[in-house]
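A.B. asks: predicted model follows, preceded by the sequence.
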Amino acid sequence: MKVFFTLLISFLSIASFAQNLSLSSAAVELTKQRVTYDPSYFKIDYPNGDVPATKGVCTDVVIRAYRKLGIDLQKEVHEDMKVNFNLYPKIWGLTSTDRNIDHRRVPNLMKFFERHGTVLPKSQNPEDYKPGDIVTWNLGGAITHIGIVIDKLSSDGKRPLIVHNIGAGQVVEDCLFNFTITGHYSYGN
């Protein structure tokens, strides 16, 4: 029986690693599409709604990468917020859910990942950040940001690279430690 559980745990660890590597690959694939940074409010379909393919913000990178893996964060976040609205931030003066935008807000994704994913350590050790991990930052003031750790390293080989959209579209950059890290998560594995 012990051998069975050891094998099961090994299999789940391999499956978890494969899921994270897939998210990393999905994020890198997104960088091939030209996207203009556009934080506008859009009315979108539900479920599986998306803003126009040529537009987006940092959260859209995460949403689109997960969608490539068959995970609809629009639906997942909306359903969790409907039942647990009191647990989500009220930064925007919300009194009810809005399936057009709730999943496109970094603090809401942070709360969702805290509730349904794995909260990982926030550190200054690059080895703690694995492909497929989600990282959030404070850019200063109340400006939040989110990106995906990928399986490529900085030119000096010391830090994992990030796929994000901070204004120049969906890009790969060496920016893990450029801002204050506010969250580090794994989800979907």
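C.D. replies: That came through fine.
A.B. asks: per-residue pLDDT, the residue nearest to N84 when sequence neighbours are not counted?
C.D. replies: Closest residue to N84 apart from its sequence neighbours, by CB to CB, 6 or more residues apart in numbering: R115 at 7.4 Å. Every C-beta, even on glycine, is put in place using the N, C-alpha and C of the backbone. At R115, the pLDDT value in this model is 98.
A.B. asks: please report how far R115 lies from V77.
C.D. replies: From R115 over to V77 the distance is 10 Å, taken as CB to CB, to the nearest Å.
A.B. asks: quick one: which of these two has more around it?
C.D. replies: V77 (25 against 13; other CB atoms under 10 Å).
A.B. asks: got phi/psi on the more buried one?
C.D. replies: In terms of degrees, to the nearest 10, the main-chain angles of V77 are phi -70, psi -50.
A.B. asks: which parts of this structure are strands?
C.D. replies: With DSSP state E, the ranges of strands along the chain come out as 36-37, 55-56, 118-119, 134-140, 143-153, 160-164, 171-173, 180-186.
A.B. asks: which stretch among these comes nearest Y46?
C.D. replies: strand 55-56 (17.5 Å; CB to CB).
A.B. asks: direction included, what does that closest one pair against?
C.D. replies: Here strand 55-56 has these sheet partners by DSSP bridges: strand 36-37 (parallel).
A.B. asks: can you give the distance from the strand it pairs with to the centre of its chain?
C.D. replies: In terms of CA atoms, centre = their mean, to the nearest Å, the centre of strand 36-37 is found 18 Å from the chain centre.
A.B. asks: now swap in stretch 157-177 and tell me
C.D. replies: On CA atoms, centre = their mean, the centre of stretch 157-177 falls 13 Å from that of its chain.
A.B. asks: just for this structure, where's the confidence low?
C.D. replies: By pLDDT under 70, the low-scoring segments of the chain are 1-21, 189.
A.B. asks: residue nearest the centroid of it?
C.D. replies: The centre of the chain sits closest to V62, judged by CA atoms, centre = their mean, with a distance of 4.1 Å.
A.B. asks: didn't that one look like it was pressed against V149?
C.D. replies: No - counting by CB atoms under 8 Å, V62 stays clear of V149, with 11.4 Å between them.
A.B. asks: identify the contacts common to these two.
C.D. replies: I134 (CB atoms under 8 Å, 6 or more residues apart in numbering).
A.B. asks: before I go, just wanted to say thanks for your time.
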